[in-house]
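Chemist: Mind looking at a prediction? Sequence and model below.
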Amino acid sequence: MDLSSESVKRIFSRYKFRDVASEELQKVNRVYPDMNLLVGSYTFSDSTQRDLLKLVGNVPVRYRGRSYNLPIQLWLLDSFPFTPPICLMRPTANMVIREGKHVNAKGRIFLPALHNWDHPKSSVTGLLMEMIAKFEEEPPLAMKSTGDGNNPNELLAFVSQLNITEGGNRPDRIVNKVSVIGGGDLGMAAVLSIMAKDFVDKLVLIDIPESSTKRGTLDLEIFKLPKVEVSKDLSASAGSKVVVVTTNAWSEEQSYVSVVQTNVDLYRRIIPSLAQLSPNAVLLIASQPVDIMTHVAWRQSCFLPTHVIGAGCNLESERLSYFLNVALLAKTTNKQAWVIGELSDNKVAVWGNGGSGGDKQQELIPVSSSTKPLMDRALDMLKGKGQRSWSVGLSIADITHSILTDQKKTHSITTLAQGWGGIGSEVFLSLPCVLGANGSTRLAGVPLSPEDDAKLRESVTSLSNFFMQLRI
């Protein structure tokens, strides 16, 4: 491994921890002498580019009695070795990437060693050892078939991609996979509620060690449920269509800002990884405070706002509509109403005039003087109902079902409120949104009464000021 070339020296001079980095690279050279140190320009997800060092070479993998050399490259950030490498497969022209638990469709590698990187406990040699072990379980590359069937390596690669079942070979299909992050009461409630609706092919429950809502998965590991996998590894969430985050990391800090900051710090460790593992997923946030944590998740994931939502006021809205139609109107109508704004006692409600399911364009109608007494009675009935884990779990399942089955149903969920009803601040509030396979579509704003508009503006100011106090 050549550290003396002019191009390497020029880039390496910009690294912050050169002595420690050099020592780490020498260790790699001793164990993997064929690994080369090169210079390249890496393009980040925001399209910015940076000249970095990269390790390029092959890792030896044995699969079904045969040996294979899998080409990889490890990009080293300028804070290496205190930050983990960005690891990618480097397929040749006659290879194809096999997307799986540890490799996405673009060849990005995700491993527990990367997620839990902590130098000097963590090292590149240790990372490569884990990479080899994982790739021997699930090869990330296969040979492109020439179609003549004479190459035994091609045949082996083809067979390794088949799903063998008792009924024979079945072609791959799109899998409705959901991951729930957080093993506490809410996480368990979400899992059971989602499975009860029977619309997912696979559900992964991931217990986060740093979370205060943890260690609730033991019974689920003992009494196994079909289609449910329990894990402590974020990489098990790869390829999810919906990722539900229920985890909290409450501290014993005195101030509310400090308490919420512990949750923000936890999100900083998990949200970027979840976004990388499931780049097309909808993030559904249920951590508290949901308005703030959905905003945090959006910032940290770099997703479109249509793909980062919170459970918000969906539960209150469904309860409100139930009270209106069953308790007050005795099912004589099918009125739809939603609670909007901040998830607090400062509730604002609006009516809807259209049906769900995509046949009619749903629109919002303000509460008029004639309907206000009815709405006030229904809102009074909401008081004191609370949000228990099982009830929020049912609400999460309701939202998830609308997304995965492309229901085009309207829910009051936490979403980016900027631009709605004249809101200029970057804040997240509960607003009626149509949910489907492409995420959320916000309904157009509606004029509110002076009293309700004042409540909404107060929430906007409060949330905006609070968010500015956090270190995102």
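Modeler: Received, thanks. Numbering: from 1, shown residues only.
Chemist: Can you give me every residue that contacts the residue lying closest to Val28 once chain neighbours are set aside?
Modeler: Here the nearest residue to Val28 in space, its sequence neighbours aside, is Val124; by C-beta to C-beta, 6 or more residues apart in numbering that works out to 4.9 Å. Placement of C-beta: from N, CA and C, glycine included. Val124 is in contact with 24-25, 27-28, 55, 74, 81, 85, counting by C-beta atoms under 8 Å, 6 or more residues apart in numbering.
Chemist: same deal with Pro447?
Modeler: Neighbouring residues of Pro447 by C-beta under 8 Å, 6+ apart: Pro366.
Chemist: follow-up on the earlier one: export the contacts of Val124 as JSON lines, with columns for neighbour count and pLDDT.
Modeler: What follows is the contacts of Val124, written out as JSON lines (neighbours: other C-beta atoms under 10 Å; pLDDT from 0 to 100):
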{"residue": "Glu24", "neighbour count": "20", "pLDDT": "92"}
{"residue": "Leu25", "neighbour count": "21", "pLDDT": "93"}
{"residue": "Lys27", "neighbour count": "14", "pLDDT": "89"}
{"residue": "Val28", "neighbour count": "20", "pLDDT": "90"}
{"residue": "Leu55", "neighbour count": "22", "pLDDT": "95"}
{"residue": "Leu74", "neighbour count": "23", "pLDDT": "96"}
{"residue": "Pro81", "neighbour count": "23", "pLDDT": "91"}
{"residue": "Pro85", "neighbour count": "23", "pLDDT": "93"}
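Chemist: Out of those residues, flag the one nearest to Trp390.
Modeler: Nearest to Trp390 out of the contacts of Val124 is Pro85 (C-beta to C-beta; 42.7 Å).
Chemist: Touching, the closest one and Ser79? I think so.
Modeler: No. Using C-beta atoms under 8 Å, Pro85 is not in contact with Ser79, being 11.1 Å away.
Chemist: Pretty sure Leu324 sits against Ala337.
Modeler: Yes. Counting by C-beta under 8 Å, Leu324 touches Ala337, with 5.9 Å between them.
Chemist: Quick check: which helices or strands does the helix or strand in which Tyr322 is found pack against?
Modeler: Using DSSP states H and E, Tyr322 sits within helix 314-322. Applying 3 or more C-beta pairs under 8 Å, 6 or more residues apart in numbering; DSSP states H and E, we find helix 314-322 packed against strand 336-340, helix 372-382, helix 389-404, strand 409-416.
Chemist: 10 Å - rerun?
Modeler: Judged by 3 or more C-beta pairs under 10 Å, 6 or more residues apart in numbering; DSSP states H and E, helix 314-322 is in contact with strand 336-340, strand 348-352, helix 372-382, helix 389-404, strand 409-416, strand 428-436.
Chemist: Please tell me how far it is from the chain's geometric centre.
Modeler: Centre-to-centre, helix 314-322 and its host chain are 26 Å apart (C-alpha atoms, centre = their mean, to the nearest Å).
Chemist: Ok, stretch 227-241 next?
Modeler: With C-alpha atoms, centre = their mean, you get 11 Å for stretch 227-241.
Chemist: re earlier: ok, and for the helix holding Tyr322, which residues are buried?
Modeler: 314-321 (16 or more other C-beta atoms under 10 Å).
Chemist: Run through the residues that contact Tyr453.
Modeler: For the record, residue 453 is Asp, not Tyr. Contacts for Asp453 (C-beta atoms under 10 Å, 6 or more residues apart in numbering) come out as 348, 366, 421-422, 447.
Chemist: before we move on, the earlier item: for the residue nearest to Val28, give me phi and psi.
Modeler: Here is the backbone geometry of Val124 (degrees, to the nearest 10): phi -70, psi -40.
Chemist: tell me the pLDDT at it?
Modeler: The model reports Val124 with a pLDDT of 93.
Chemist: and if you look at Ala275?
Modeler: Ala275 carries a pLDDT value of 89.
Chemist: Use 745 as the first number for this chain going forward.
Modeler: Taking 745 as the first residue, the last one we looked at is Ala1019.
Chemist: Number of residues surrounding it?
Modeler: Ala1019: 20 surrounding residues under other C-beta atoms under 10 Å.
Chemist: got it, and Val1190?
Modeler: Count around Val1190 with other C-beta under 10 Å applied: 17.
Chemist: Isn't it up against Trp1095?
Modeler: Yes. Judged on C-beta atoms under 10 Å, Val1190 makes contact with Trp1095 at a distance of 8.9 Å.
Chemist: Thanks a lot, see you next time.
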